[in-house]
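J.: Build me a model:
(chains A and B)
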Amino acid sequence: MTKYETLMARKNEIMKKSVGIDYNTYELDGIGFDYEAMMNDFDYSLKDIKDVQQKNMVGNTPLIELKNITNYARQFAKKGYGARIFVKDEAANLSGSFKARRASMAVDQAKQLGYKGVIAATSGNYGAAVAALAAKENLACIIVQECFDSKNISQPEILEKARKCEAFGAEVLQLSVGPELFYTFLELLEETGYFNASLYSPYGIKGIETLGAEIAEELMEKEGKYPEAVVITNAGGGNLTGTSRGLKTVGATDTKIIGASVNLYGLHMASDYDFNKKSFTTGHTGFGIPFAMNPDRSDVPRSAARPLRYMDRYVMVNQGSVFFMTEALAQLEGMERGPAGNTSLAAAFKLAQEMKEDEIIVVQETEYTGAGKHIMPQLSFAKKNNINLLFGNPLDEVPGKTIVFPNDGSLINYQEITITEIKKSYLKRYLDIALTTTDKTYLQKELKIDAETLTKLLKELTDERT
Amino acid sequence: MIEKGTFVRIRKTLLDPKDRSTNLPKDTQQVPFKLWVKGTLLDDAEMFDYVNIQTVTGRIVNGKLKESNPKYKHGYGDFVPEILTIRKIIKEDTKGNQS
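T.: Presented below is the predicted three-dimensional model:
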């Protein structure tokens, strides 16, 4: 065993101490675990969560109708089509993103359980959120980032997030490319005895339920109905899981849940060379697809983020379209927001054109913007890494080689990711196991399918193998 | 010389290529796994010496001294004229459209 593998073998033991949850209690016989029992053991009602969040300047963000962007989209829709596009301005949360909803509950839990500090592994907005809330609770905070390649070159977006974490008094560990980030993370948990403020704990995901609930409740009050669709930028799956659970909890059970990711197909997420060839460090397929196929690849034994349980459709958009829509949001609506948070906006622009004009589609987040984390430095960085910036058909973009902006708004489009294929990839690892009834029931819930479909998918996979 | 007590940044190799995960793309497998972290210098030192620092959470970390009073180097990058073209497209597309 390498040094890396030796420590990884002790993963579960370290985890148990650091997250305050004994995941073994939820394990079922066979392959599954009791997801709802795990979620419900965190005994906070939606109101309890709202209370914690409100005292921390989290939640209750504005829900804004993007009338000019809606009109723009309608130019390309047939008569009577072009749904109203709303955006939930999550940049208004403490620390500038929806991640504060997650962090508020994780940090609250750490405080209540008596930990002296919190640690989170994230190159994204979550670090800033944990750092800000830890500062408020007077807890020590360490953020671990994947930040630079072997030539010591860093993504400007990640450098900005490091700065923001430090602004709230956190210690930031910046690492080179590789999954061994998890190794460092485990070592730190062991060394410090701090709380693992995992993105994937039940606390974190329950914290996002308020986001879905606020959207549903506000639209019911103002428009007399729940939205027909909510588009959610998808990476690790937590945003989608929490928002969907919140929508359903308050009654919006018919709202279509659409995941959206930036298309980074062809770039290897653990590749030192590819690391700086991408112009988005989150919200992309490099996280979205593997985490949907295997949620338990995260930093806790059983992830509370399980997007396939909720997702109705999954689409991807190219980098050029997201940058274009970021600019449209500023130019047409006076909202300057971070590019990655606009992934779902780019998807909604096209999706709205396929919906009737009296229907409502909600883009459920925005994020803060600033030095490094902005269309200008991100594109400037792309050019320095020999990415060609072109105008044309966005679907011609080749991640790592080109960024293609649409020649005009009519060209903004998404590509459907076939959810059934992701579900089949999820199932692949169980092909050689004799599945019990308990296993099958679990898989149906995991994949949001009936017994018949499960049998059909398993048969297709077996046939494909032979 | 950099004085004890100065806020600095160090770099440290955490895993040599042979100690890394065995499940890596070739390019990543060939390079060491490294850390950058900031803290207060515990003894007087010269640039590139191996030094001990104390981080903001009180941890002691050893590594190669790379920077004193490290500044934030990210900004808005070079000006990207393509953004002006994007704006022009949006304005042209939506002419007479504002609600």
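
J.: make it CA atoms for all contacts and neighbour counts henceforth
T.: Noted.

J.: what kind of secondary structure is residue A:174 in?
T.: State at residue A:174, reduced to three classes by DSSP: H, G, I helix; E, B strand; the rest coil: strand.

J.: right, I mislabeled it, should have said residue A:120
T.: Classified using three-state DSSP, residue A:120 is strand.

J.: Now the residue nearest to the spatial centre of chain B. Its backbone dihedrals?
T.: Centroid-nearest residue in chain B: residue B:36, 6.8 Å away (criterion: CA atoms, centre = their mean). Note on residue B:36: backbone dihedrals following degrees, to the nearest 10 are phi -120, psi 140.

J.: For it, which non-adjacent residue is closest in space?
T.: Excluding the flanking residues, the one nearest residue B:36 by CA to CA, 6 or more residues apart in numbering or on different chains is residue B:11, at 4.5 Å.

J.: so who does the one you found touch?
T.: Contact partners of residue B:11, counting by CA atoms under 8 Å, 6 or more residues apart in numbering or on different chains, are B:34, B:35, B:36, B:37, B:63, B:64, B:65, B:66.

J.: next one: residue B:7
T.: B:38, B:39, B:40, B:41, B:68, B:69, B:70.

J.: Try it again at 6 Å.
T.: Counting by CA atoms under 6 Å, 6 or more residues apart in numbering or on different chains, residue B:7 touches B:39, B:40, B:69.

J.: what does residue A:316 give?
T.: With CA under 6 Å, 6+ apart, residue A:316 has these contacts: A:260, A:261, A:262, A:263, A:414, A:415.

J.: switch to 10 Å and redo it
T.: A:233-234, A:259-264, A:283-285, A:288, A:343-344, A:346-347, A:413-417 (CA atoms under 10 Å, 6 or more residues apart in numbering or on different chains).

J.: Give me the subset of those residues lying in strands.
T.: A:233, A:259, A:260, A:261, A:262, A:415, A:416 (DSSP state E).

J.: Read off the pLDDT value for the nearest residue to the last one once chain neighbours are set aside.
T.: Closest residue to residue A:416 in three dimensions, ignoring its sequence neighbours and counting by CA to CA, 6+ apart: residue A:315, at 4.5 Å. According to the prediction, residue A:315 has pLDDT 98.

J.: helix or strand right after whatever helix or strand residue A:315 lives in?
T.: Using DSSP states H and E, residue A:315 sits within strand A:313-317. For strand A:313-317, the following helix or strand on the C-terminal side (DSSP H and E) is helix A:319-333.

J.: does any bit of that following helix sit next to chain B?
T.: Yes - using CA under 10 Å from any CA of the partner chain, we find that helix A:319-333 touches chain B at A:323, A:324, A:325, A:327, A:328, A:330, A:331, A:332, A:333.

J.: And that helix, what's buried?
T.: Using 16 or more other CA atoms under 10 Å in any protein chain shown as the test for burial, helix A:319-333 gives A:319-329, A:331-332.

J.: farthest-separated two in these?
T.: Greatest spacing in the buried residues of helix A:319-333, by CA to CA: A:319 and A:332 (19.8 Å).

J.: how near is the closest residue in space to residue B:17 that isn't next to it in sequence to residue A:131?
T.: Once flanking residues are discounted, residue B:17 sits nearest to residue B:32: 4.9 Å by CA to CA, 6+ apart. For residue B:32, the distance to residue A:131 equals 29 Å [CA to CA, to the nearest Å].
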